[in-house]
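Colleague: Build me a structure from this.
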Amino acid sequence: MSSRKLFSLIFIRKTSEILLGLKKRGFGKNKWNGFGGKVEKGESILQGAIRELKEECGLSAEQLKKVGILEFEFKGDTVLLEVHVFETYKYSGELIESEEMQPKWYNLKDIPFKQMWPDDEYWFPYMLRGELFKGYFLYRGQDLILKYNIETMEELPALDQVF
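Modeller: Residues are numbered from 1 along each chain as shown. Here you go, the predicted structure:
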């Protein structure tokens, strides 16, 4: 690997529902996902996560809990994507559709895994059970996982570092 890019991914939760967004453009277009994106220079992962959530669906997270770290490698690409996964049950604001995302609440029994990134089916159960996790996925293209590994963690690294 020659470089690493940092990303955030936030899931807004209710007891039996999760908020997903349909990506309308760019990387991951037409896939359901959480909200988030690239951490900008000069902001922490947490600041980036809060900013992206607001931009993509209009909500403000009031208490983010870091639940996982995912690393993605794409065959033929030298950039490793490091994604910090958060969830919250506390949020405020008006839910809106943005140019990038169309939000929709899903019952936890009806999560549309076939219209999501293939890796979600592997690590979502950890998040839904409240377990901290770290995962690695090697993809060919955007739909084929060549290899992966997921492990539960006792704790995850601190979030206050600014990049």
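Colleague: can we go C-alpha only for contacts and neighbour counts from here?
Modeller: Fine.
Colleague: Can you give me the neighbour number for Phe7?
Modeller: 23 (other CA atoms under 10 Å).
Colleague: Pretty sure Ser2 sits against Thr78.
Modeller: Yes. In this structure, Ser2 is within contact of Thr78 by CA atoms under 8 Å, at 5.5 Å.
Colleague: More neighbours: the two, which one.
Modeller: Neighbours were tallied for Ser2 and for Thr78 using other CA under 10 Å; the higher tally belongs to Thr78 (12 against 7).
Colleague: Correct me if wrong: that one contacts Lys5.
Modeller: No. Contact criterion CA under 8 Å: Thr78 and Lys5 do not qualify, at 10.6 Å.
Colleague: what stretches of this protein score poorly on pLDDT?
Modeller: Residue ranges of the chain with pLDDT under 70: 1, 158-163.
Colleague: what's the single longest helix in it?
Modeller: The longest helix of the chain (DSSP state H) is helix 45-57.
Colleague: Could I get the full set of helices for the protein?
Modeller: With helices called from DSSP H, the chain shows them at 45-57, 120-129.
Colleague: can you put these in TSV and add distance to Gly93 and mean neighbour count?
Modeller: Listed next are the helices of the chain as TSV, based on distance: least, CA to CA, whole Å; neighbours: other CA atoms under 10 Å:
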stretch	distance to Gly93	mean neighbour count
helix 45-57	9	22
helix 120-129	24	14
